[in-house]
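A.B. asks: Using only what follows, build the 3D model:
(2 chains)
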Amino acid sequence: MTGKVRSLGSLRNRLALTLIGGAAVLAVLLYFVVRSYAVQIAQQGQDSILRASVTSILDAAVLRDGQLEVDFPYASLAMLGTDSDDRVFYAIYQDDVLVSGYDGLPVAASDSGMVTVTFDGVEVRTTTASRLLAGAQSRTRVTVTVAQTQDLLAVTLSAISRNIALFGAGFFVLVMLLAVLATSSAIGPLARLTTSVARRGPQDLRPVVSPVPSEMVPLVSSLNTLMARLGQSLNRSEDFIAEAAHRVRTPLATVRSHAETTLQRVDREENRQALRSMIRAIDESSRAAGQLLDHAMITFRADHLDQQDIPLAALVENLIMRLGPVADMRDVEFRTALDPDVTLKGDPILLHNALRNVVDNALKYAPRESVIEIDITANPPCVVIRDHGPGFPVDQISNLSDRFTRGRNAEGIIGSGLGLTIAQEVATAHGGQMTLGTHSKGGACVTFSF
Amino acid sequence: MKFLLVEDNQDLADAICVRMQIDGHVVDHAGTILDAMGFAQTGEYDLILLDMMLPDGDGRDFLRDHRGRKRGTPVIVLTARSQVSDRISLLDLGADDYVTKPFDHAELEARCRAVLRRNAGTAQTEKHLGDVGFDPVAGVLTVKGVPINLRNRELRLLEVLFNAPGQIFAKQKLFDRLFSYEEDVSDNAIEVYIGRLRKHLEPSELKITTHRGLGYRLDHDG
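C.D. replies: Residues are numbered from 1 along each chain as shown, chains lettered A, B, ... in the order given. Model (predicted):
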């Protein structure tokens, strides 16, 4: 009755994906922030040299006899020299008339700071400064513009970008590893809990006591409560079945004892027949009730098979001791050949029940003063039970282990039609099979092979 | 044999007592665990028949107490629960055997005999009549010092006759004692067993006589 649990996807995957996705976003963000910061710093470097260059040219300008003279300081251009052969442009204007330098070099509004413009088809960084020169009679305004291409900056930037990208990727990989590690260790206790619950036997309803992370405590404690409730209701229903059986079987036992007593006291044959069939009916109903309960128990236990090492010989010997008195009543003898070393993994209660049903059958159908043979052989483990009764009707062999099916020759013998069903189901649950046959010298022969 | 029956249902207890008295047993009846403990301490019983569900507790408690006192009286449980697991737990608690209600008295008797035989050890249960010794627990007949192992039905038949020598038992009554109710046997089957017993007893002073239309009787020649 295990209902299919709908899965909402893996918690581990979700956690890992969140962590890895977060790491990816962080890595990209890191790349852009660091890069833009690096651009800013590199630009500031260039800008301050440009500013110094402009200032030094402007400082070299003097007004002599009303004539502008610029003793061009070459160092002012040399300081702009780079490894990348960046080109440098300049222009000196006197009252907006070009005195020296490149014509057409864009002049930014004086003292407007640093701008980037296009000149001669390339991007250049440029700055402009001007100064008012005052002579004896005249005043004139000198404006100096210096520009530089940005090749070095581009090279530096690409180097920095590469390094940041590498760094980001490394960061990402590291975080990914950490994410996998973290999710595994977070999911670990959950997986362990699952295994420990799954490995439990069918009757094991003890609470989970092994320590779990605090987030799982509510889940585990409600699991424990659920198991306690389940245990309680199982106990209640067991008590109920016991009580019900007691209520039904006790009066049946009363009736049966009275019927037996009365049978000893009456003489008329009709009365005796009536009493006999009454006793038979009581036996029939109590047997059917018992077998139905057994069958239900077997269906339940076979779903959650107990796994114990069962020595088959001991199991059979115990069974023979239990059934000994019944066999005695019919003067039937057991003859056994039991290999003492054969063991089987399984549920001893189920196997006991299966064998008991078959031996019960053998006892019922065996003629008086006959022998029932039980053999255990190894490789593969086999139990063979053979009686000297009428055997199975050949044409019915294939469906005798169906529920409520009884052999045609079973009339007059009490039975529920469930014994072989139970035996068959137990054999199947243990990965074996039960084969019905008729011995060459007569008699039913039931073989369990595992 | 002397039994202590611990069973709270009065109807069933009466029915069992009457049925067992027919077989010549003596039965004391206790309806509660308390009574049962009193009986068990004062009386000497061959066997205790114990119901599980009692008004003042569980039959298991009685079993535990009984075993705790190291009393050797064997206990056969009368259980209403048929599940194998329950039966196994009963045996673990020290019950010698169990029968599931409703039970066949012949089977109960067979189980009693088996339990007594297991527990008997050296105890002497042999009865004597003339020159014949008969041990119903061991199932041995001794004729002129020679022990004969009886088959179960021979034993049960002889038990009836041996307990009341000189009394005629109807064929039908003997038949009911010997064969369970599901068996399809002819009425003459009883003659087979009478024949066998006669053969066993041939050298002795005992003789089984046929009384036409009435039944059989065990006579003592001595």
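A.B. asks: burial count for residue 199?
C.D. replies: Here I'm looking at chain A. 8 (other CB atoms under 10 Å in any protein chain shown). The C-beta positions use only the backbone N, C-alpha and C, and glycine is treated the same way.
A.B. asks: wrong one, chain B
C.D. replies: Around residue B:199 there are 10 residues (other CB under 10 Å).
A.B. asks: Could you look up the next helix or strand downstream of the helix or strand bottoming out on mean pLDDT in chain B?
C.D. replies: Ranked by mean pLDDT, DSSP states H and E, the weakest helix or strand in chain B is helix B:84-92, scoring a mean of 67. Going down the chain from helix B:84-92, the next helix or strand is strand B:97-100, by DSSP states H and E.
A.B. asks: now that next one: mean pLDDT?
C.D. replies: Throughout strand B:97-100, pLDDT has a mean value of 88.
A.B. asks: in the very next helix or strand once past it, what counts as buried?
C.D. replies: Counting by DSSP H and E, the element after strand B:97-100 in chain order, helix or strand, is helix B:105-120. Using 16 or more other CB atoms under 10 Å in any protein chain shown as the test for burial, helix B:105-120 gives B:105-117.
A.B. asks: now do stretch A:260-279
C.D. replies: Buried-residue list, stretch A:260-279, by 16+ other CB under 10 Å: A:260-264, A:272, A:275, A:278-279.
A.B. asks: Please tabulate those residues in TSV, including the columns distance to residue A:417, pLDDT and secondary structure.
C.D. replies: What follows is the buried residues of stretch A:260-279, written out as TSV (distance: CB to CB, whole Å; pLDDT from 0 to 100; DSSP: H, G, I helix; E, B strand; the rest coil):
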residue	distance to residue A:417	pLDDT	secondary structure
A:260	26	88	helix
A:261	31	88	helix
A:262	30	90	helix
A:263	27	86	helix
A:264	32	82	helix
A:272	28	85	helix
A:275	25	89	helix
A:278	21	90	helix
A:279	20	90	helix
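A.B. asks: Those: which two are farthest apart?
C.D. replies: Spanning the widest gap among the buried residues of stretch A:260-279 are A:264 and A:278, at 14.1 Å by CB to CB.
A.B. asks: pLDDT below threshold where in the chain?
C.D. replies: Just going to use chain A. A:1-3, A:109-112, A:201-203, A:412 (pLDDT under 70).
A.B. asks: um, chain B though
C.D. replies: Residue ranges of chain B with pLDDT under 70: B:82-88, B:120-124, B:180-185, B:222.
A.B. asks: And the strands in it?
C.D. replies: B:2-6, B:26-30, B:47-51, B:53-54, B:57-58, B:75-79, B:97-100, B:127-129, B:132-135, B:140-143, B:146-149, B:168-169, B:206-211, B:215-220 (DSSP state E).
A.B. asks: Same list (these) but as CSV, adding distance to residue A:227 and mean neighbour count.
C.D. replies: Listed next are these as CSV, based on distance: least, CB to CB, whole Å; neighbours: other CB atoms under 10 Å in any protein chain shown:
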stretch, distance to residue A:227, mean neighbour count
strand B:2-6, 37, 21
strand B:26-30, 40, 18
strand B:47-51, 33, 25
strand B:53-54, 28, 20
strand B:57-58, 25, 12
strand B:75-79, 29, 24
strand B:97-100, 31, 21
strand B:127-129, 59, 13
strand B:132-135, 56, 20
strand B:140-143, 57, 19
strand B:146-149, 56, 11
strand B:168-169, 62, 16
strand B:206-211, 67, 16
strand B:215-220, 65, 18
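A.B. asks: Which one, of the ones you listed, ends up nearest to residue A:23?
C.D. replies: Nearest of those to residue A:23, taken as CB to CB: strand B:57-58 at 65.3 Å.
A.B. asks: how about that closest one, does it get close to chain A?
C.D. replies: No. On the criterion CB under 8 Å from any CB of the partner chain, strand B:57-58 is out of touch with chain A, staying 10.5 Å away.
A.B. asks: List the pairing partners of that strand within its sheet, with orientation.
C.D. replies: strand B:53-54 (antiparallel) (DSSP bridges).
A.B. asks: Buried residues, stretch A:23-34. List them.
C.D. replies: Result for stretch A:23-34 [16+ other CB under 10 Å]: buried residues A:23, A:27, A:30-31, A:34.
A.B. asks: which among the buried residues of stretch A:260-279 are in contact with chain B?
C.D. replies: Checking the buried residues of stretch A:260-279 against chain B (CB under 8 Å from any CB), the matches are A:260-261, A:263-264, A:272, A:279.
A.B. asks: What's the local residue count around residue B:45?
C.D. replies: Residues within reach of residue B:45, counting by other CB under 10 Å, total 20.
A.B. asks: can you pull the contacts of it?
C.D. replies: B:2-4, B:28, B:39, B:73 (CB atoms under 8 Å, 6 or more residues apart in numbering or on different chains).
A.B. asks: Could you rerun that using 10 Å?
C.D. replies: Counting by CB atoms under 10 Å, 6 or more residues apart in numbering or on different chains, residue B:45 makes contact with B:1-5, B:26-28, B:39, B:71, B:73-75.
A.B. asks: Just put those residues in TSV and tack on distance to chain A.
C.D. replies: Below are these laid out as TSV (distance: CB to the nearest CB, whole Å):
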residue	distance to chain A
B:1	15
B:2	19
B:3	14
B:4	17
B:5	11
B:26	16
B:27	12
B:28	17
B:39	21
B:71	23
B:73	19
B:74	13
B:75	15
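A.B. asks: so can I have TSV of the residues you listed showing distance to residue A:60?
C.D. replies: Formatted as TSV, those follow (distance: CB to CB, whole Å):
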residue	distance to residue A:60
B:1	142
B:2	142
B:3	138
B:4	136
B:5	136
B:26	145
B:27	141
B:28	140
B:39	136
B:71	131
B:73	133
B:74	132
B:75	128
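A.B. asks: Of those residues, just say which sits nearest to residue A:215.
C.D. replies: Among these, and counting by CB to CB, the member closest to residue A:215 is residue B:75, at 54.4 Å.
A.B. asks: Nearest to residue A:74 among the contacts of residue B:45?
C.D. replies: Nearest member of those to residue A:74, counting by CB to CB, is residue B:75, at 125.5 Å.
A.B. asks: rewinding a little: now the buried residues of helix B:105-120 as JSON lines including distance to chain A?
C.D. replies: Output for the buried residues of helix B:105-120, formatted as JSON lines (distance: CB to the nearest CB, whole Å):
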{"residue": "B:105", "distance to chain A": "6"}
{"residue": "B:106", "distance to chain A": "6"}
{"residue": "B:107", "distance to chain A": "6"}
{"residue": "B:108", "distance to chain A": "9"}
{"residue": "B:109", "distance to chain A": "9"}
{"residue": "B:110", "distance to chain A": "4"}
{"residue": "B:111", "distance to chain A": "5"}
{"residue": "B:112", "distance to chain A": "8"}
{"residue": "B:113", "distance to chain A": "7"}
{"residue": "B:114", "distance to chain A": "4"}
{"residue": "B:115", "distance to chain A": "9"}
{"residue": "B:116", "distance to chain A": "11"}
{"residue": "B:117", "distance to chain A": "10"}
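A.B. asks: excluding its backbone neighbours, what's nearest residue 135?
C.D. replies: Since no chain was named, I'll use chain A. Distances taken as CB to CB, 6 or more residues apart in numbering or on different chains place residue A:63 nearest to residue A:135, at 4.2 Å, with adjacent residues excluded.
A.B. asks: Let me rephrase: I mean chain B.
C.D. replies: Closest to residue B:135 by CB to CB, 6+ apart is residue B:126, at 4.4 Å.
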